[in-house]
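Colleague: Return atomic coordinates for the entry below.
(3 chains)
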Amino acid sequence: MDQATLIAKLTGAVGADYIHTDPVALRAYNCDALTIYKGQPSAVVLPADTEQVQQVVRLCREAGVPLIPRGAGTCLSGGATPAPGGVLAVFVRMNQILEIDYENHLARVQPGVVNLHLSRETLPRGFHYAPDPSSQMACTIGGNAAENSGGAHCLKYGMTTNHIQGMTVVLASGDAVRLGSDGDEAPGLDLRGFFIGSEGTFAVTTELTVRLTPNPEGVRTMLACFKEVGDACRTVSEVIAAGAVPAAMELMDRYTIEAVEKVMQAGYPKDAGAVLLIELDGLPSSMRPLEALIHGICMRNACASFRAAQSEAERDSLWMGRKRAFGAFGAIAPAYYCLDGTVPRSKLAVVLEEFDRIAARYGLRITNVFHAGDGSLHPNVLFDDRVPGETARAVECGAEVLRACIRAGGVLSGEHGIGIEKKREMRDQFDAATLGIMERVRDAVDPEGIFNPGKILPGGDVEFPLAGASQPGGVARMAAAFSK
Amino acid sequence: MLCRGEACLAPRDGFLIIGEYTDVILSEESERRISVLKNLNTETLRFAQGDIRMERDVTATAETQRSAFNPLLGPLGPDREMIQRCIHCGLCTTSCPTFVLLGNEMDSPRGRIYLMRMVVDGEMAVNDTVLKHLDRCLDCRACETACPSGVRYGSLIEAAREGLEKVRGRGAGARLLRRLLFRWLLPSRALLGLAAAGTRLYQRTFLRPLLLKLGLIPPKLARLEPMMPEVPPLASMLPLPSEVPASGEERCRVAFFGGCLQSALFGDVNRAAVRALAANGARVVIPSSQTCCGALQAHAGDRETARLLARRNMEAIDPSQFDAIVLAVSGCGAMLHEYGELLAGDPAFAARARAFSSKVMDVTVFLSKVKLRRAPHPEPQRVAYHHPCHLYHAMKVRQEPLKVLEAVGNVEAVPLRESDWCCGSAGSYNLTQTELSMRLLDRKMGHIRAAGAPVVCTGNPGCQIQIAYGARERGMELRVVHPVVLLDEAYRAAGFYDGAGLP
Amino acid sequence: MPASLDAFARAVESDTGDPRLLSGEGTGMYVLGGRVPFLIARPASHEAVLSVLARASEEGLGVVPWGGGTGRRAGYPPERYDVALSTERLAAAVDFLRDDLTAVVQPGMTIESLNRLTRSEGQTAGLDPANPGRATVGGAIFAGRSGPMRVRWGRARDRVMRLKVALPDGSSHTYGALVVKNVTGYDMNRLLAGSWGTLAVATELALRLYKAPERTGARAAAFPEAEAAFAAARRLMALPLHPLWVEVLDAGRLAALGERYSLPGPWCLAAAFGDFEEGLAEQLRRFEDLLSREGGRDLARFDDEAAARLGAALADQPGGDFAREEALAVRASGRADQLPRFARAAEEAARKGGFRLAVAAHAGSGVLRAWLAPEEKGVEPRAAWDAFAALCRAGADPARGRAVHLRLDSGPAALRDQISVWGEDGLDPAALGLMRRLKREYDPTRTLSPGRFVGRL
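Modeller: I've put the predicted structure just below:
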């Protein structure tokens, strides 16, 4: 099938109003929130239902053209960046909440439903959808399933995979298959769990059944300030070791505090070396002893001040600082490179010290703002992309940081996914045999390599051109592999 | 080869047209292609990036070379640093009404910034597609509320629109009409009054049915005609007095800004605002040489006129003489608020513009800052509040209007879904993008109907006109009113104005 | 024993260094569906597992990984069954990272040993398969055996942080890492957990642990009807409490539990909570309120040790007649509001087939289990299964995304050969096709448990 025929048939499948082939329009879709790699699609389709998706899949397979699913395009690792010449299927029209089953605490949704919109709908009835990635106001549940997204409250509630009961996926054959179950057990291999987090390389999801969680009765948000970031890290490790798992436990270091307080008044003390934002939720009577326990651990670790938010407004302000921290880095550096390694929680202090040594070696600054309770780090290399050679140095520094995570027994990615960004580093993480089986199972699920090629695994023949000098974001997220 | 002409990117297919004024040097390859195209007898030529440079200043940097033909480059174009601040995270998308309606990345703030960036950087030419998607922007600035990186999107889109005017293939008639409207009609109280009087004549006499029946109204106008608000009696257009003393102890002195269309169509709102201010201890000065704020012009890409009007307004109102510059029209408020930025490049006015902007205050903000006098409304009111975009997203005025309503007793506030969503009025958007505007209005009216309140409060004349039109079309009994008017009605009933000699 | 098998046995003996290699006569207790392996391999290292698998694959032999043998009466009889690969000598704790709430253990460690290990630091793995004294960690994870506590700690597969596995082609893989949040590459741990030893053999498992609750307590009340008990359980799940388990039991299950626990019937809703003292008191009080609101009677209270004992008893299977060879254990899962239907289906099946019945449902997780013991000898179990399946499935509505899944957890070999043991007749053929393709990548020679799992994989 040639290009023109494919376009004509795709148009027939989704309708002329829901296909873009104008080159200018297509350029708007050439990357997601990771902007240094670009891939220009040959068409963008906006399917309306499972049947249309099946037709699109069949057409792409017949034509031998890659098909890339995209939700809101908020992925930070290039998961929704199309292989050049591929067809991008955007799920913006499949945004219906099909059913909310309050009796069984389940919701059946289309993949394009925005994460926060589901909770907004169910909150008044006493339920919410627990996974809360920072982009939850925009990102979609389909995209969350593809990436197995995390979030601040995953510490207590688990990742996306713990909240998806079942899903309908369209395989490369065009068959729509139901995976998982409404109850607890589906026959055979756990394909549901295996497909979640496969970054769109196995199939296209067209419907999901997700669990709803009862809203907690109370929330306590506390801010613990420390002179030294090491003390904050040790506090986290001890809290976890004590088994006192809060709903969320976020760490921000000196530079992050500086940046946040520069752009807004979150109420973090400017002279602190680090702050921990700790949130408990549940029954007040369950939280009280936990708070006492955590307070004690903080104090043992030279906590300079400890306070709990006294009002909803104060709580919002404390969280706003955390949620806007990345945006605020613009205030202290022209550019930053955000990484996503995860380490065992007992290793936080040593790993952060190692980051300092790496930063010093490269003559750069590394800031840290992360989901400490999970050991899910977000080291950010600050640099000035206008200084010749500094970008390359930042990228190399980032690769070194990831290697340090792996050395500490950690992994490349805790929640952003591998995508294009970190696929080369997969060789640092896994041996050849393990990568080999991942490749074989991928090929077994998608024999012709139709779905989102060029992601997750190194090798392969899909190339994503590096963007020129003008990628959005002086706040650039550089791929660590940039210079390799 | 040497061409004479201004090279600019034309709104057709990314082609480049050689115009009339400037000298341009082309690379050899381009020369060859031009000769081919010339043989084909076509006027439009396609170039690759870098094929063209200016002859006049061959030593200039690449940027200035490109700015010679890039409509978005130059000191007044979108701020490249601000564009750079967008990290392409996409958090804004779901807050954008046009993205939610259309579902296209190009119709989202992120997509639009991306388009602008590619044009600014010379990676892409301006063509119909670019124009279409940038034109569809409401400039409601809901994305600014959502943005974690503090991108000031409004300033980007307005600067881009100014640049795009240069390459827009508007006919001479359309250009003349814009100039007439923006430069002459809106800033002139007399002409505007005349136009309003004419319109009222049309609305209140046999003219309307006659002209419509005879089909003498051009089809496009006829389609828009029902949107036209009912023009109030001429008495309400009368200018406010130049000064109104505080009733009781004078606690402060404020300048009142009327706004052009507001004064013509909603003079009663201004009067109510002035009375309420005076009743709360403010001496209200209404400088008579004030003029149109320039907001409509800026949104439509004519920032030059906006700057001109800004200077006139600053000459009319000396910020150092007042505690605040107060107004009861949020669209103008946002513009006045941004004079500092608009005139940042004007050495004669920059400092004064900053001082001016810092004193601009919506009437509800002013009232919520003073010890606001409370009074019950004579009739029980069930009120839904619609946030005007420029008040909510641009000026971040969110709670104050509700506080003013709280001060009015006997008012029950009814929650309105998506109350911070644009109603589709958006300056002249309902005229230029009628279809999308009507879809937004439909959504808004659906929520209003569901809320079930007989009164909608909102602080902007554009929203008032749009929502009132929506209600008329749907046969809904709905009073659309500025919150300060309810306060004013309560004050009057409570006797606060008795014997005060207020306007 | 043919010469080539003899040679194989000798090679395995030298690979594993096993001092008492079992072959021939001694293999009787490893019987599966009437088939007896000729050799029990008991490797004590990852390398030994690798070489046993590689040799078997080369020789075309069938290998069934063997933990505590608690899944003997599940699944189809293997097509080929030459070697039982016992993890009995791979039973050590490799590492206990107390501060990271992580245990790294070998697959043959029993659940009881794991519990002893974690309890020493006040932690728990939250795994509660039946028969913890025999059931192994490897078995619990690879057979996906989650007990009542799944409602608190998640399914067995949610425990796995890192797996080290050996494949029949001689390769070794390590999936995951000792971190709690990980999206680095495909989630292979989830593919393997619950794969019933058909893809690879684990030689080391890293498990996520939790702090064991400071105090525990359970409450139970009687309901006259199943519907009322299940409805109360659903109300409980809508409260912001964190039960450790929520079980609904019928009179048969209560009788099988015996006098010792004195739970009220005929239908009983029981739930346990764990928390600090103050929180526990409130959770229990709120549950008691709910029970009385919903019409529960004869409230029974169990505190700390008693609650733990009750939990363990409920995690176990009923004994006596229900554990005999001719008995059936069936399971249905779906949305929680389907549980009353499943209960009725079990009653109908028992009545029709002439069985005594015991029912227990993980009411917070939408899973119902029923045990059927023949009233007299020679009862034909097929009719009972068919009735159960038909009545349960009547609650499915695929168009509205409502599925019902069935499974025969254990039963006579003859029945297992006749029906879809794993409920795969309710599975999309394309999904089954995918599972077959995945099996082919892992085990192209079909060495591991051939034909035993879903779709006779």
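Colleague: Can you spell out the domain ranges of chain B, please?
Modeller: Per automatic domain parsing, the domain ranges recorded for chain B read B:2-67, B:80-165, B:176-227, B:234-368, B:372-494.
Colleague: Pick the most deeply packed of the ones you listed.
Modeller: Mean neighbours per residue, mean count of other CB atoms under 10 Å in any protein chain shown, is largest over the domains of chain B for domain B:80-165, with a mean of 23. For glycine as for every other residue, the C-beta is placed from the backbone atoms N, C-alpha and C.
Colleague: Start and end of that domain, how far apart?
Modeller: 19 Å (CA to CA, to the nearest Å).
Colleague: ok, back up a step: relative to A:Asn95, which of the domains of chain B is closest?
Modeller: Of all the domains of chain B, domain B:80-165 sits nearest to A:Asn95, with 8.5 Å by CB to CB.
Colleague: and the closest residue to chain A within chain C, what does it touch?
Modeller: Relative to chain A, the nearest point of chain C is C:Lys211 (2.1 Å; CB to the nearest CB). Applying CB atoms under 8 Å, 6 or more residues apart in numbering or on different chains, we find C:Lys211 in contact with A:242-245, C:101, C:122-124.
Colleague: Kindly confirm whether my reading is correct that A:Asp443 touches A:Gly449.
Modeller: Yes. Contact criterion CB atoms under 8 Å: A:Asp443 and A:Gly449 qualify, at 7.2 Å.
Colleague: When those two are compared, which one has more neighbours?
Modeller: Between A:Asp443 and A:Gly449, A:Gly449 has the larger neighbour count (other CB atoms under 10 Å in any protein chain shown), namely 18 against 13.
Colleague: Which of the helices or strands spans that one?
Modeller: Using DSSP states H and E, A:Gly449 sits in no helix or strand.
Colleague: and it, how far is that from chain B?
Modeller: Going from A:Gly449 to chain B by CB to the nearest CB, to the nearest Å gives 25 Å.
Colleague: Tell me how many other residues crowd the closest residue in space to A:Asn95 that isn't next to it in sequence.
Modeller: Nearest residue to A:Asn95 in three dimensions, chain neighbours excluded: A:Gly112, at 3.9 Å (CB to CB, 6 or more residues apart in numbering or on different chains). Neighbourhood size, A:Gly112 [other CB under 10 Å]: 24.
Colleague: so how far is A:Arg93 from A:Gly112?
Modeller: 7 Å (CB to CB, to the nearest Å).
Colleague: anything in contact with each of A:Asp443 and A:Gly449?
Modeller: In contact with both A:Asp443 and A:Gly449: no residue, using CB under 8 Å, 6+ apart.
Colleague: Does the host helix or strand of A:Leu435 reach chain C?
Modeller: Following DSSP H and E, one finds A:Leu435 within helix A:432-445. Yes. Contact between helix A:432-445 and chain C, assessed by CB under 8 Å from any CB of the partner chain, occurs at A:433-438, A:440-442, A:444-445.
Colleague: ok, C:Lys181 touching A:Gly414?
Modeller: Yes. C:Lys181 lies in contact with A:Gly414 (CB under 8 Å); the separation is 4.2 Å.
Colleague: Those two: who's more crowded?
Modeller: More crowded of C:Lys181 and A:Gly414, by other CB under 10 Å: A:Gly414, with 28 against 20.
Colleague: can you tell me the residue of chain C closest to chain B?
Modeller: Counting by CB to the nearest CB, chain C gets nearest to chain B through C:Val183 (18.6 Å).
Colleague: OK, contacts around that residue?
Modeller: So C:Val183 contacts A:147-148, A:150, A:159, A:197, A:413-418 (CB under 8 Å, 6+ apart).
Colleague: so which of those comes closest to chain B?
Modeller: So of the contacts of C:Val183, ranked by how close each gets to chain B (CB to the nearest CB), first place is A:His416, at 12.1 Å.
Colleague: looking at it, B:Pro75 is touching B:Gly345, isn't it?
Modeller: Yes. The criterion here is CB under 8 Å, and B:Pro75 meets it with B:Gly345 at 6.3 Å.
Colleague: Can you classify the closest residue in space to B:Gly424 that isn't next to it in sequence as helix, strand or coil?
Modeller: Of all residues not flanking B:Gly424 in the chain, B:Leu440 sits nearest, at 3.2 Å (CB to CB, 6+ apart). Recorded secondary structure, B:Leu440: helix (DSSP: H, G, I helix; E, B strand; the rest coil).
Colleague: dump the residue contacts of whichever residue of the stretch 301-450 of chain A sits closest to chain B.
Modeller: Taking CB to the nearest CB, chain B has its nearest neighbour within the stretch 301-450 of chain A at A:Gly327, 3.4 Å off. Applying CB under 8 Å, 6+ apart to A:Gly327 gives the contacts A:263, A:475, B:87, B:147-150.
Colleague: one more time with 6 Å, if that's ok
Modeller: Residues near A:Gly327 by CB atoms under 6 Å, 6 or more residues apart in numbering or on different chains: B:148-149.
Colleague: How about the backbone phi and psi for A:Leu212?
Modeller: Note on A:Leu212: backbone dihedrals following degrees, to the nearest 10 are phi -110, psi 140.
Colleague: Grab the nearest non-local neighbour of it.
Modeller: Nearest non-adjacent residue to A:Leu212, counting by CB to CB, 6+ apart: A:Phe127, 4.0 Å away.
Colleague: related to what we said a few turns ago, distance to A:Val350 added to the domains of chain B, as JSON lines?
Modeller: Formatted as JSON lines, the entries for the domains of chain B read as follows, by distance: least, CB to CB, whole Å:
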{"stretch": "domain B:2-67", "distance to A:Val350": "47"}
{"stretch": "domain B:80-165", "distance to A:Val350": "30"}
{"stretch": "domain B:176-227", "distance to A:Val350": "65"}
{"stretch": "domain B:234-368", "distance to A:Val350": "48"}
{"stretch": "domain B:372-494", "distance to A:Val350": "44"}
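Colleague: Take those and lay them out in CSV including mean pLDDT.
Modeller: Listed next are the domains of chain B as CSV, based on pLDDT from 0 to 100:
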stretch, mean pLDDT
domain B:2-67, 38
domain B:80-165, 92
domain B:176-227, 80
domain B:234-368, 93
domain B:372-494, 94
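Colleague: so which of those domains gets nearest A:Ala309?
Modeller: Of the domains of chain B, nearest to A:Ala309 by CB to CB is domain B:372-494, at 19.7 Å.
Colleague: what's the single longest helix in chain C?
Modeller: For chain C, the helix reaching the highest residue count under DSSP state H is reported as helix C:277-293.
Colleague: what sits up against it?
Modeller: Taking CB under 6 Å, 6+ apart as the rule, helix C:277-293 contacts A:283, A:285-286, C:215, C:217, C:219, C:221, C:235-236, C:241, C:271, C:273, C:275.
Colleague: roughly how far is it from the heart of the chain?
Modeller: For helix C:277-293, the separation from the chain centroid amounts to 30 Å (computed by CA atoms, centre = their mean, to the nearest Å).
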